[in-house]
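**Q** what follows is a predicted protein model with its sequence.
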Amino acid sequence: MVFDFQNHIVHHMQNSYYWQLPFLPPVALPAPLTLHALMVIFAFFFLLILFCFFYKKNLPVPTGITNLLEAVVVFVRDDIAITSLGEKDGRRMTPLFCTFFFFILTLNVLGLIPLFATATSNVNVTGALAMVTFSFMVFGAIYKNGFKAFLRVLVPSGVPFPVLFLVVPLEFMGLFIRTFALMIRLFANMLGGHITIAVLIGLGVLFFGVITVPVVALVLMIYLIEVLIAFIQAYVFTLLSAMIIGQTYHPDH
Amino acid sequence: MTNETVHEVAGQAHEQIAFMSPENTLVLLTWAVFFGLLIILNKFAWKPILAGLDQREEAIRQSVEKAEQIQREYEQLNQKRQQILDESYAQAKEIVAEARKGAQNAARVIEEKTKEETQIMIENAQREIQATVQRAREDLRKESVDLAIQLAGKLIEKNLDEKDHQKLVDDLVRKI
């Protein structure tokens, strides 16, 4: 039987109605639940449990996991939200960016645990998250500054009139392009790492017929890089969301 | 894992969803979960955490200010203490000096007084000695006269009557 290399990789990346467990037949998920949807739900409960049971609010001196979570929240508040949106808006929108960061990070890390899948390697999930950013970028800015003020995002001040014919469509397209880039960046990064691992395993099997130690070592290194990427991509998505929301909230800056 | 088993496992999942195909349910679920998390965590996590952090930052700021204030007060107190200590040393020095001066004066007075008293006592003693000597001389003289009379009586072997006796004594005394 010939090893179907392409099918092996694509299968690993695809969303499915089954949850593949070792030594067991694939578990059929009840419709319309899919594997990635299941991961999203896992992330939901994981975060709820983490913050409602493991985070101790009333510790005078936070230690352990409470300290870790607080450090991340402070980082998101000070280095992402306040840096991009200013003191007042930054503080007000910190919950949104904290949710972005922890949700994406949980989905990314879930994908690195054996038996689980990476929901952020599904374009629908990243697209949905990018659309949240887009809605804040457009509707949030209109709600905050009014429609007239929002138009200044599209019509930058100090630009000569003829140039506006070029700038306005570009700025308008920019809103969508930035959202699209946000979606593709996270999706492609998470997918890329997994494809690399799948390709390396596949190549090992293709050439040697079995999984060999050097291949495992190589895969392990890629895996470790993926752990790093899981954090970096959660940070990047949150930071860029904050930046592009900040640009429309404060068009003069 | 052999070539065949990998293929086998890959083939087991029959119903795959086409790669990058739109999945409305997943999009809606992501939104629902995201906004659900945003609302729930905002109430139970983000707000309390951020409020707690602000509170702690404020408490730390206040503690630092208080510590600085205490440090300043301590330095002031220390300065004051040093000042009081210096003053006390100076006062003690002054008191000791005064006491020494007083003692020296007292000693001088006592010495003078003692000298005076001694002088008086010496003078008294000298006067007494002189008086005693005078008295002794007179006694001696009287004794000598009596002795002389007795000797003279024996020498002349004549008993004089009281009248003559007295006359003789007076004469002798006058002569002596």
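**A** Perfect, thanks for sending it.

**Q** and the pLDDT for the nearest residue to A:Phe54 once chain neighbours are set aside?
**A** The shortest distance from A:Phe54 to any non-neighbouring residue, by CB to CB, 6 or more residues apart in numbering or on different chains, is to A:Ile65 (5.2 Å). C-beta here means a position set from N, CA and C on the backbone, and glycine is covered the same way. With respect to pLDDT, A:Ile65 scores 87.

**Q** what's the closest non-adjacent residue to B:Ala148?
**A** Nearest to B:Ala148 is B:Leu172, by CB to CB, 6+ apart, at 6.6 Å.

**Q** buried stuff in the helix or strand containing A:His8?
**A** According to DSSP states H and E, A:His8 maps onto helix A:5-13. Using 16 or more other CB atoms under 10 Å in any protein chain shown as the test for burial, helix A:5-13 gives A:5, A:7-13.

**Q** now for it, which elements pack on it?
**A** helix A:161-208, helix B:3-12 (3 or more CB pairs under 8 Å, 6 or more residues apart in numbering or on different chains; DSSP states H and E).

**Q** quick one: the strands in chain A, in order.
**A** Applying DSSP state E to chain A gives strands spanning A:18-19, A:27-28.

**Q** count the neighbours of residue 124 for me.
**A** By default, I'm working from chain A. Counted by other CB atoms under 10 Å in any protein chain shown, the residues lying close to A:Asn124 total 27.

**Q** that answer is for a different chain, and I need it for chain B
**A** 10.

**Q** for B:Glu68, same thing?
**A** Neighbours of B:Glu68 using other CB under 10 Å come to 10.

**Q** kindly report the same for A:Ile245.
**A** Neighbours around A:Ile245, by other CB under 10 Å: 26.

**Q** what segments of the stretch 51-200 of chain A are helices?
**A** A:64-75, A:82-110, A:123-135, A:141-145, A:147-154, A:161-208 (DSSP state H, counting those that start in this stretch).

**Q** still on that earlier bit, I figured the residue nearest to A:Phe54 was touching A:Phe53, is that so?
**A** No - with contact defined as CB atoms under 8 Å, A:Ile65 does not reach A:Phe53; the gap is 10.3 Å.

**Q** can you give me how far the helix or strand harbouring B:Asn105 is from the chain middle?
**A** Assigned by DSSP H and E, B:Asn105 belongs to helix B:47-156. Computed by CA atoms, centre = their mean, to the nearest Å, the separation of helix B:47-156 from the middle of its chain amounts to 19 Å.

**Q** quick one: mean pLDDT over it.
**A** Helix B:47-156 comes out at a mean pLDDT of 92.

**Q** tell me what it is packed against?
**A** Right, helix B:47-156 is packed against helix A:64-75, helix A:82-110, helix B:162-175 by 3+ CB pairs under 8 Å, 6+ apart.

**Q** for the first one, buried residues please.
**A** Burial within helix A:64-75, assessed by neighbour count using 16+ other CB under 10 Å, is assigned to A:66, A:69-70, A:72-73.
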